[in-house]
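J.: coordinates for the following, if possible.
(one chain, ligands or ions: 2)
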Amino acid sequence: MPPRVQSVKGTRDLLPPDTAVWAAVEATAREVFGRYGFREIRTPIFEETELFVRGVGESSDIVGKEMYSFEDKGGRRITLRPENTASVCRAYVEHGMHQLPQPVRLLYIGPQFRNEKPQKGRYRQFHQIGIELLGGRGAASDVEVLLALVAFLRAIGFSDLTILINTVGDKASRARFKEQLVSYLEPLREKLSEESRVRLATNPLRILDSKSLEDKALLAGAPSLEAALSDESRQHFEAVRSALDHFGIAYRVAPGLVRGLDYYTNTVFEVVSEGLGAQDAICGGGAYEGLVEELGGPPTYAVGFAIGEDRLIDVLPPESAVRRNAAGPLLVAPGGRLANRPSVSPLLELVEEVRRQGWAALEGPAKKDRLFALAESLGSTCVLFLGEEELAAGTVVCRDLRSREQRSLLRADLMAHLQREFS
Ligand code: ATP
Ligand code: MG
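T.: Ligands and ions are numbered 1, 2, ... in the order given. The predicted structure follows:
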């Protein structure tokens with residue numbers, strides 16, 4: 001036998017019943033972000049490498065070491081998209097969306113590719129759900145995007161996630177702070193971790209979110225980014241925070257949060273979940289002012305975020321409505337001699353009746369062990385039993401597989417019961 005071909009390291013197949021949860025999460029994203037005016041854009045999976053070099057930034061980890069790049073047959077330098085913001089901005093410019101009434105609100109959902117070491121919560125093909133608001137108005141736009149984020153997280157069943165938020169200041173504040181930080185760290189150079197020594201030359205701000213304990217100790221005495229902020233940046237940050245307070249949204253100011261990408265200005269944020277271990281970030285985002293211009297468009301205020309869908313689904317609460325919507329078909333199992341009835345049986349009549357009311361339903365096997373094995377593999381939450389006794393009495397037995405409760409119902413009450421318990 002020839003050796004088996006396996007999926008490539010860092011990639012995975014998503015299988016049913018999990019795919020139903022993915023589809024339900026994505027449907028909820030379209031619905032909730034749609035309420036905030038975000039409409040879907042689908043950009044190509046691959047782009048010219050140059051787009052990410054310019055759009056994500058040469059000194060970022062993504063461009064520096066994580067891109068899947070190759071030369072195509074025409075000698076073009078191509079990269080599988082490692083993130084979607086650069087592509088969205090390219091499309092915004094390419095299709096003249098900056099001439100539409102502003103702001104333009106876009107949603108994307110799809111796979112991204114990064115050549116990183118695969119581990120829990122880190123894949124080489126992973127998936128993001130993100131929104132970008134382009135052509136907006138400073139702090140008010142940041143708030144709009146954060147409100148949409150919280151609405152989505154709540155809709156899929158998270159109630160206790162905290163948003164970490166910080167400001168990296170405007171261009172001038174950042175330049176000023178960069179200088180202060182470098183002159184503070186330069187004399188301590190030999191004591192820094194290897195990674196931070198490299199960053200001292202390429203992207204000193206990133207040293208602030210170093211995980212190394214030695215670096216953290218050295219940073220304790222560093223000048224603060226907060227102190228280097230311009231009045232405008234300070235006001236911007238205050239405006240964002242007071243709006244979040246106004247709407248009762250929980251957040252924590254995280255002074256070390258600087259994000260890995262070069263294009264952010266002012267507001268940056270992340271959502272982390274304790275259930276995830278080392279790879280704990282579910283969502284990262286922020287405002288960016290220079291990117292559209294960098295790609296040949298007009299100066300444009302923009303803000304957005306990307307949610308890591310794989311990690312999000314890893315920590316989805318068990319009671320999430322999304323799981324309920326993703327439940328598999330009801331199983332209708334025969335009892336007694338009904339199991340042996342040919343094609344148009346009372347059983348099939350019941351299955352069709354349920355389907356016509358908008359439920360997924362399948363006939364199940366009469367043997368209990370086979371029935372429950374099937375229910376589990378399909379992700380079913382409910383089994384209906386119909387035997388000769390029930391048929392004669394005009395009833396049906398309904399078993400809730402989540403609570404294991406079983407009830408006998410009149411046929412006439414069945415739909416209302418399903419509606420109440422299973423939708
Ligand atoms: P990390 O710190 O985990 O490397 P990042 O800063 O590189 O994250 P972003 O570029 O901000 O990530 O992407 C936004 C989100 O996409 C992350 O918060 C995470 O949930 C998800 N993500 C990023 N890289 C991966 C990956 N390799 N596998 C799975 N999810 C990922
Ligand atoms: Mg990363």
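
J.: alpha carbons only for contacts and neighbour counts from here, please
T.: Noted.

J.: which positions within the helix or strand harbouring Arg370 qualify as buried?
T.: Arg370 is located in helix 368-378, with elements delineated by DSSP states H and E. Of the residues in helix 368-378, those buried by neighbour count under the rule 16 or more other Cα atoms under 10 Å are 371-372, 375, 378.

J.: ok, stretch 19-31 next?
T.: Buried residues in stretch 19-31, counting neighbours by 16+ other Cα under 10 Å, are found at 20-22, 24-26, 28-31.

J.: equivalent analysis for stretch 137-151, please.
T.: Along stretch 137-151, the positions that meet the burial threshold by neighbour count (16+ other Cα under 10 Å) are 138-139, 141-151.

J.: contact partners of the helix holding Arg370?
T.: Contacts to helix 368-378, defined as Cα atoms under 8 Å, 6 or more residues apart in numbering, come from residues 16-17, 328-329, 331, 333, 364-365, 381.

J.: around ligand 1, pick out the residues from this structure.
T.: 114, 121-124, 126, 128, 260, 279, 281-284, 306-308, 310-311 (Cα under 6 Å from any ligand atom).

J.: need the residue closest to the centroid of the protein.
T.: Within the chain, the residue whose C-alpha comes closest to the C-alpha centroid is Ile307; the distance, by Cα atoms, centre = their mean, is 2.9 Å.

J.: mind checking the SS state of that residue?
T.: Using DSSP: H, G, I helix; E, B strand; the rest coil, the structure places Ile307 in strand.

J.: beta partners for Phe165?
T.: Not Phe; residue 165 is Ile. With DSSP bridges as the criterion, Ile165 is bridged to Val253, Phe269.

J.: around it, count how many other residues there are.
T.: Residues within reach of Ile165, counting by other Cα atoms under 10 Å, total 24.

J.: in what helix or strand does Ala416 lie?
T.: Residue-wise, Ala416 maps onto helix 414-422 under DSSP H and E.

J.: buried ones in that helix?
T.: When burial is assessed from 16+ other Cα under 10 Å, helix 414-422 yields the following buried residues: Leu414.

J.: need the contact partners of that helix.
T.: Taking contacts as Cα under 8 Å, 6+ apart, the residues outside helix 414-422 that touch it are 324, 354, 357, 381, 396.

J.: show the pLDDT at the second one.
T.: Spelled out, that is Val354. What the model reports as pLDDT for Val354 is 91.

J.: which one of the buried residues of helix 368-378 is nearest to ligand 1?
T.: Using Cα to the nearest ligand atom, the shortest approach to ligand 1 within the buried residues of helix 368-378 belongs to Leu378, at 26.2 Å.

J.: Leu291 and Thr85, how far apart?
T.: 9 Å (Cα to Cα, to the nearest Å).

J.: which of these two has more neighbours?
T.: More crowded of Leu291 and Thr85, by other Cα under 10 Å: Leu291, with 25 against 22.

J.: so what does that one look like in phi/psi?
T.: Geometry field for Leu291 lists phi and psi as phi -70, psi -50, criterion degrees, to the nearest 10.

J.: for Ile131, phi and psi?
T.: Recorded main-chain torsions at Ile131 are phi -130, psi 150, according to degrees, to the nearest 10.

J.: the residue nearest to it when sequence neighbours are not counted: how many residues sit nearby?
T.: Once flanking residues are discounted, Ile131 sits nearest to Leu107: 4.4 Å by Cα to Cα, 6 or more residues apart in numbering. Using other Cα under 10 Å, Leu107 is surrounded by 23 other residues.

J.: which neighbouring elements make contact with the helix or strand where Leu107 lies?
T.: In this structure, Leu107 sits in strand 104-113 according to DSSP H and E. Contacts defined by 3 or more Cα pairs under 8 Å, 6 or more residues apart in numbering; DSSP states H and E place strand 104-113 against helix 18-35, strand 39-40, strand 125-134.

J.: got the angle between the helix holding Arg370 and helix 18-35?
T.: For the pair helix 368-378 and helix 18-35, the angle between their directions (axes from the mean of the first three to the mean of the last three Cα atoms, to 10 degrees) equals 40 degrees.

J.: now helix 368-378, how far from the chain's geometric center?
T.: Offset of helix 368-378 from its chain centre (Cα atoms, centre = their mean, to the nearest Å): 31 Å.

J.: extract the CA atoms of that helix and return them as CSV.
T.: Taking Å, rounded to 0.1, in the frame of the first residue of the first chain, the C-alpha atoms of helix 368-378 are listed here in CSV:
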residue,chain,number,x,y,z
LYS,A,368,-30.7,2.3,22.1
ASP,A,369,-26.8,2.0,22.0
ARG,A,370,-26.8,2.7,18.3
LEU,A,371,-29.3,5.5,18.7
PHE,A,372,-27.2,7.3,21.3
ALA,A,373,-24.0,6.8,19.4
LEU,A,374,-25.6,8.3,16.4
ALA,A,375,-27.0,11.2,18.4
GLU,A,376,-23.5,12.0,19.8
SER,A,377,-21.8,11.9,16.4
LEU,A,378,-24.4,14.2,14.9
